[in-house]
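Engineer: All I have is the shape, not the residue letters:
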Ligand code: C2E
Ligand code: MG
Ligand code: MG
Ligand code: MG
């Protein structure tokens with residue numbers, strides 16, 4: 001199955017099977033949509049919708065992530081330019097192993113007339129970061145150009161507060177695992193993270209909010225932005241247009 005996925009993925013972009021979908025992020029004070037996160041979708045003619053958790057790792061291992069990453073960043077910048085909102089795009093450390101991606105992105109951002117800070121790169125620290133210092137140096141260069149850097153999936157997996165400083169992050173994303181966990185330990189972890197982030201002037205986004213109770217909790221704890229099915233699911237660009245045009 002893995003090799004079939006890999007083979008099909010090599011033509012997926014050419015055949016327009018890959019799309020960027022977008023999920024709104026809401027400012028928790030104003031209740032307005034202030035940003036969207038780009039999420040990759042693959043609609044295979046026979047298999048139907050294949051999730052990014054399945055095909056992104058294959059794309060990374062088999063050298064197709066560069067092309068997908070450039071496509072996603074291009075789509076994200078188009079939405080940013082059209083609506084003047086903040087846009088986030090997921091970038092794995094594997095993508096930054098290749099110096100060409102960071103160089104390409106840097107040039108692209110310099111060419112556009114919109115402020116670079118509107119584009120945030122969401123970094124999920126995976127298991128296999130090879131050359132860490134090269135990746136950090138590349139992120140530093142993009143950061144110096146004004147791009148935002150988010151630490152994704154805090155509270156699940158490897159993300160840590162140390163990375164906030166190491167990567168000069170501008171945003172911390174609290175994973176859904178922590179948002180849904182009502183244990184005192186989870187709430188302490190979340191409280192500490194929010195304090196550390198805010199002390200450093202870093203924005204906090206809560207992910208995976210599905211219920212009014214979870215919304216109330218993340219608001220009370222001081223998160224700045226929220227994202228989740230309670231507000232909206234990821235949607236194709238046309239629906240984002242409709243959402244942002246609605247009065
Ligand atoms: P992520 O960046 O943490 O994205 C959030 C995931 O949570 C998305 O899953 C989103 O659809 C889902 N989600 C949002 N709100 C809710 C909610 O209220 N409840 C629940 N249960 N889930 C919610 P998705 O789209 O399947 O993406 C999974 C992961 O794949 C992403 O996690 C990200 O790490 C990766 N990914 C997606 N697109 C890309 C891409 O273009 N490039 C790279 N490198 N990775 C990507
Ligand atoms: Mg993300
Ligand atoms: Mg996440
Ligand atoms: Mg994730």
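Structural biologist: Everything's here; your move. The structure displayed is predicted, hence computed values, not measured ones. Numbers count the residues shown, from 1 in each chain. Ligands and ions are numbered 1, 2, ... in the order given.
Engineer: Is the biggest strand by length in the chain in proximity to ligand 1?
Structural biologist: With secondary structure taken from DSSP state E, the chain has its longest strand at strand 33-44. Yes. Contact of strand 33-44 with ligand 1 (CB under 6 Å from any ligand atom) involves 39-40. Backbone N, C-alpha and C define where each C-beta goes, glycine included.
Engineer: tell me what that strand is packed against?
Structural biologist: helix 2-12, strand 18-27, strand 48-50, helix 52-61, helix 65-83, strand 86-91, helix 237-245 (3 or more CB pairs under 8 Å, 6 or more residues apart in numbering; DSSP states H and E).
Engineer: low-confidence ranges in this structure?
Structural biologist: Segments of the chain classed as low confidence (criterion: pLDDT under 70) are 126-130, 247.
Engineer: got the residues of it near ligand 1?
Structural biologist: So far as CB under 6 Å from any ligand atom goes, the chain lies against ligand 1 at 23, 39-40, 51-53, 56, 72, 90-92, 122, 124, 152-153, 176, 207-210, 227-229, 234.
Engineer: at 5 Å what do you get?
Structural biologist: Within the chain, the positions adjacent to ligand 1 are 39-40, 51-52, 56, 72, 90, 92, 124, 208, 210, 228-229, 234 by CB under 5 Å from any ligand atom.
Engineer: Generate a ChimeraX selection restricted to the buried entries among the residues you listed.
Structural biologist: Selecting the buried subset of these in ChimeraX, with 16 or more other CB atoms under 10 Å as the burial test, is done by:
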select :39,40,56,72,90,92,124,208,228,234
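Engineer: got the helices and strands packed on strand 33-44 as a markdown table, with distance to residue 116 columns?
Structural biologist: As requested, these are exported to a markdown table (distance: least, CB to CB, whole Å):
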| stretch | distance to residue 116 |
| --- | --- |
| helix 2-12 | 29 |
| strand 18-27 | 18 |
| strand 48-50 | 32 |
| helix 52-61 | 25 |
| helix 65-83 | 10 |
| strand 86-91 | 11 |
| helix 237-245 | 21 |
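Engineer: Please work out which of those is packed deepest.
Structural biologist: Mean neighbours per residue, mean count of other CB atoms under 10 Å, is largest over those for strand 86-91, with a mean of 24.
Engineer: Show me what that one is packed against.
Structural biologist: strand 18-27, strand 33-44, helix 65-83, strand 119-123, strand 148-154.
Engineer: Mind checking these for the one nearest to residue 191?
Structural biologist: Of all the helices and strands packed on strand 86-91, strand 148-154 sits nearest to residue 191, with 12.6 Å by CB to CB.
Engineer: orientation of the closest one relative to strand 119-123 in degrees?
Structural biologist: With axes from the mean of the first three to the mean of the last three CA atoms, to 10 degrees as the basis, strand 148-154 and strand 119-123 are set at 30 degrees to each other.
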